[in-house]
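**Student:** What follows is a protein structure lacking sequence information:
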């Protein structure tokens with residue numbers, strides 16, 4: 001007999017069988033009398049359970065760590081163990097989609113930006129409407145803040161169109177010092193080359209066949225496909241643009257990011273305005289350990305995150 005429960009059962013048996021007092025039984029079993037009369041109080045998990053189910057239903061591809069971040073941002077103070085227990089009891093685990101196994105190659109360190117607008121990354125993705133028409137999707141992110149600055153959706157996007165999109169973004173975000181892309185014809189053509197030369201912007205092309213060298217955009221594209229493209233059935237071009245733009249806005253302002261200590265890109269950008277960082281956020285801190293700077297700054301930015309400015313020198317987004 002080791003546990004208090006086993007000792008309580010032994011005391012009850014001794015009192016009932018041998019007619020001894022409870023005090024005598026507690027002395028024989030080395031059990032405190034306060035433990036004998038203790039009544040466990042089960043916590044009311046119903047409100048928390050409903051909140052977890054609501055978030056899991058809204059964000060179907062979010063796992064437990066990201067849901068925990070979001071619940072803490074919403075003001076829930078329950079620790080991760082209770083949230084994970086309810087998460088498992090409700091059967092909300094996200095089923096991982098199987099990936100094709102490939103041969104491991106030598107990894108090359110990514111470019112480490114130290115401020116917004118130092119390095120942007122671009123890439124193309126593809127999808128289709130319900131009638132079979134193909135969609136070509138251009139994604140553009142800031143590699144430091146992880147903010148998705150733009151997603152262009154159309155049936156065809158050439159190099160001239162890419163240059164016009166970047167020129168339009170200049171009015172809102174300014175322009176980066178460098179843009180990282182693969183070797184697609186839209187990025188290596190004359191239109192992009194002339195535009196980059198006129199704006200004094202460096203074009204960094206990764207080695208052919210090595211997408212890991214542009215890991216920032218590849219990581220973003222994986223989340224974009226898993227949480228948006230694979231979750232929706234686009235009935236028209238307008239429907240695709242509306243749903244994708246809604247997801248982009250949610251990604252920038254609401255979705256916790258593991259590389260940003262559980263903050264959204266908008267929250268992280270605002271935090272950088274309060275306390276400029278010395279280095280880029282590149283390490284995964286885990287869902288239950290946040291840096292002191294991120295902890296303090298999160299309190300400052302929660303109220304005004306939806307009116308975030310990208311940097312002090314740029315226009316409001």
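**Tutor:** Everything's here; your move. Just so you know, these numbers come straight off a predicted model, no measurement behind them.
**Student:** Torsion angles phi and psi at the residue most central in space within the chain?
**Tutor:** Residue closest to the average C-alpha location in the chain (C-alpha atoms, centre = their mean): residue 257, at 3.1 Å. For residue 257, the backbone dihedrals (degrees, to the nearest 10) come out as phi -110, psi 130.
**Student:** Count the neighbours of the closest residue to it other than its chain neighbours for me.
**Tutor:** Nearest residue to residue 257, sequence neighbours excluded (C-beta to C-beta, 6 or more residues apart in numbering): residue 146, at 5.6 Å. C-betas here are computed from N, CA, C, even on glycine. Using other C-beta atoms under 10 Å, residue 146 has 24 neighbouring residues.
**Student:** returning to that earlier point: now do the contacts for the residue nearest to the centre of the chain.
**Tutor:** Going by C-beta atoms under 8 Å, 6 or more residues apart in numbering, residue 257 touches 146, 263-265, 268.
**Student:** Of these, grab the buried ones for PyMOL.
**Tutor:** Filtering the contacts of residue 257 down to the buried ones (16 or more other C-beta atoms under 10 Å) takes a single PyMOL command:
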select buried, resi 146+263+264+265+268
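**Student:** just for the stretch 151-300 of the chain, where's the confidence low?
**Tutor:** The stretch 151-300 of the chain contains residues with pLDDT under 70 at 273-300.
**Student:** Which stretches in it count as helices?
**Tutor:** Along the stretch 151-300 of the chain, the segments classed as helices by DSSP state H, counting those that start in this stretch run 159-173, 185-188, 190-199, 215-227, 237-253, 265-274, 292-301.
**Student:** Compare these and give me the one nearest residue 134.
**Tutor:** For the helices of the stretch 151-300 of the chain, proximity to residue 134 was assessed by C-beta to C-beta; helix 237-253 is nearest, at 11.2 Å.
**Student:** Could you list the residues in contact with that closest one?
**Tutor:** 127, 129, 135, 137, 147-148, 151, 153-155, 223-224, 227-228, 232, 234, 264-266, 305-306, 308.
**Student:** quick revisit: mind putting the helices of the stretch 151-300 of the chain into a markdown table with distance to residue 50?
**Tutor:** Below are those laid out as a markdown table (distance: least, C-beta to C-beta, whole Å):
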| stretch | distance to residue 50 |
| --- | --- |
| helix 159-173 | 39 |
| helix 185-188 | 47 |
| helix 190-199 | 50 |
| helix 215-227 | 22 |
| helix 237-253 | 21 |
| helix 265-274 | 25 |
| helix 292-301 | 25 |
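**Student:** Do I have it right that residue 231 meets residue 62?
**Tutor:** No - Residue 231 is beyond contact range of residue 62, at 11.5 Å (criterion: C-beta atoms under 8 Å).
**Student:** the more surrounded of those two?
**Tutor:** The residue with more neighbours, out of residue 231 and residue 62, is residue 62; 19 against 13, by other C-beta under 10 Å.
**Student:** and the more buried one, which of the three is it?
**Tutor:** Taking DSSP: H, G, I helix; E, B strand; the rest coil as the rule, one finds residue 62 in the coil state.
**Student:** separation between it and residue 49?
**Tutor:** According to C-beta to C-beta, to the nearest Å, residue 62 stands 16 Å off from residue 49.
**Student:** Same check on residue 28?
**Tutor:** 42 Å.
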